[in-house]
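Participant: take a look and give me a structure for this.
(4 chains)
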Protein chains: 2
Amino acid sequence: MSHISEPTVRRLSNYYRVLEEVAAEGKRMISSHLLAEREGITSAQVRKDLSSFGSFGRRGLGYHVEHLRDEIRALLGLDRRWKACLVGAGHIGSALVGYRGFSEQGFDITAVFDADAARVGRTLEGLVVRHVSQLGAKDGFEIGVIATPVRAAQEVADVLVAAGVQGILNFAPRKLRVPAHVTLRTVDMTMEFESLSYALTHRKPAAPRRKRTAPGDRE
Amino acid sequence: MSHISEPTVRRLSNYYRVLEEVAAEGKRMISSHLLAEREGITSAQVRKDLSSFGSFGRRGLGYHVEHLRDEIRALLGLDRRWKACLVGAGHIGSALVGYRGFSEQGFDITAVFDADAARVGRTLEGLVVRHVSQLGAKDGFEIGVIATPVRAAQEVADVLVAAGVQGILNFAPRKLRVPAHVTLRTVDMTMEFESLSYALTHRKPAAPRRKRTAPGDRE
DNA sequence: CCCTCTTCGTGAAAAGTTTCACGAGCGGGA
DNA sequence: TCCCGCTCGTGAAACTTTTCACGAAGAGGG
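Facilitator: Numbers count the residues shown, from 1 in each chain, chains lettered A, B, ... in the order given. The predicted structure is shown next:
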């Protein structure tokens, strides 16, 4: 195993969840074909992805569900827990602290920060909101989650980097600048909506009720 | 303009937000180089993306900020509003209803549904939560947003399709099956976290504290 | 008018990703 | 034991996306 591409990692993450489901259903083996069907992709893709980090299947039989699940879990680093903090106690931040999915996958949010004095001191899922100025290296956070308004996001990222986090999960709709040793992942809901808006606006079989003609339009 | 690839659309969405910012700063023109710098990509990429739907730049000068912004807005279908409903009034759902970003981009959530009787009747940002059984075609929703637990997501998607939505924005961590005439976009926070976990687990310069040796391992 | 500096638009090359297709291993039945 | 049906692993082909590199404007100064 030398290098696993980003698209492959994302699919592995999906396989992992399917495997958990399938294991819960009591199935012992699963074929690449079945796995592919659940994901809406081809079986060749599944086999290619899995072969990128090992040979886990048995010809004629498929993959051993629990074994494969455990291999992927280890590969993704989900067999340990991560110490995380959250910055931004607004709507999104509150939702994230309460979201089960994260702690289930090894993500412990143990502190919440906010820049707004009105929010400092309030309690969120058992955590007291602290002022962001108290965010330092001493607590040893490995991951920082940004759920602030977009204008504050870069500044918060800088604070997190200074506090020594190794990774940042950013929910503000903007690309952030972080040093190379810090890994950044951005969840951009706005972008997904705009992508959906584009797809709906240009979907093929739509009735041609009237064609908008923009200034520089061509066909 | 014949076809714009998905990665390009996503970047256009980013350019759009940068252009709004730059316009607010009062700048009149912007070069592909500057635009690229803000996004952390190359200027060739920017020019290629923009040229995929028209020639908006002027050689030697760059792009006219407001004009380009308006062109992208029209292309993405953001010059109109979408009538949307939300299913799932839990943590994530509540956050989404309250999230400014959506309405700013033309996304009007005008109804909230939930399957849990305990939540029906409660008010969320001025909207009374209704039981999901009341979700039908008569309200004419164009877009449905799914913010339910993963086990309910497919069923809700089916209901939305039956109610005639054209697009679905799914926040449950699972691929959903929808007919071809319905567009689906999934925001999978769990996957982003797992991708981050993978990156942190395998980051290069880390001290090689211990090497796991799996059964079928090779190098 | 001419020269220089800047920047776009765009084919062509390079890099990356997915799909194809086939050899080979495995279990089971006759 | 031998054959058949199933399924993996994988090189090669096909396709997609990004990067390169260069010709063609455009502006401004002298």
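
Participant: so what's the nearest residue to A:Glu125 once chain neighbours are set aside up against?
Facilitator: Nearest non-adjacent residue to A:Glu125, counting by C-beta to C-beta, 6 or more residues apart in numbering or on different chains: A:Val97, 4.7 Å away. From N, CA and C alone the C-beta is placed, and that goes for glycine too. Contacts for A:Val97 (C-beta atoms under 8 Å, 6 or more residues apart in numbering or on different chains) come out as A:86, A:109, A:112, A:124-125, A:127.

Participant: show the pLDDT at A:Glu104.
Facilitator: Note on A:Glu104: pLDDT of 89.

Participant: okay, it and A:Pro149: tell me how far apart.
Facilitator: From A:Glu104 across to A:Pro149, the span is 28 Å (C-beta to C-beta, to the nearest Å).

Participant: okay, those two: which has more neighbours?
Facilitator: More neighbours surround A:Pro149 than the other of A:Glu104 and A:Pro149, with 15 against 10 (other C-beta atoms under 10 Å in any protein chain shown).

Participant: hmm, that one is touching A:Ala172, no?
Facilitator: Yes: between A:Pro149 and A:Ala172 there is a contact under C-beta atoms under 8 Å: 7.0 Å.

Participant: now the strands for chain A?
Facilitator: A:29-30, A:57-58, A:62-64, A:82-87, A:107-114, A:123-124, A:127-131, A:143-146, A:167-170, A:183-186 (DSSP state E).

Participant: deepest-packed of the ones you listed, please.
Facilitator: strand A:143-146 (a mean of 26; mean count of other C-beta atoms under 10 Å in any protein chain shown).

Participant: next one: that strand, is it in contact with chain B?
Facilitator: Yes: judged by C-beta under 8 Å from any C-beta of the partner chain, strand A:143-146 and chain B are in contact via A:Ile143.

Participant: per-residue pLDDT, the closest residue to A:Arg58 other than its chain neighbours?
Facilitator: Residue nearest to A:Arg58 in three dimensions, not counting chain neighbours: A:His64, with 7.6 Å by C-beta to C-beta, 6+ apart. We have a pLDDT of 98 for A:His64.

Participant: likewise for the one 3 residues further on?
Facilitator: Predicted confidence (pLDDT) for A:His67: 98.

Participant: OK, contacts around it?
Facilitator: Contacts for A:His67 (C-beta under 8 Å, 6+ apart) come out as A:Phe56.

Participant: quick check, A:Arg177 in contact with A:Val161.
Facilitator: No: the pair A:Arg177 and A:Val161 does not pass the contact test of C-beta under 8 Å, sitting 9.6 Å apart.

Participant: quick one, which of those two is more surrounded?
Facilitator: A:Val161 (19 against 11).

Participant: how close does the nearest residue to A:Ala36 once chain neighbours are set aside get to A:Ile30?
Facilitator: Nearest-residue entry for A:Ala36: A:Ser43, 4.3 Å, with adjacent residues in sequence omitted and distances by C-beta to C-beta, 6+ apart. As judged by C-beta to C-beta, A:Ser43 and A:Ile30 stand 11 Å apart.
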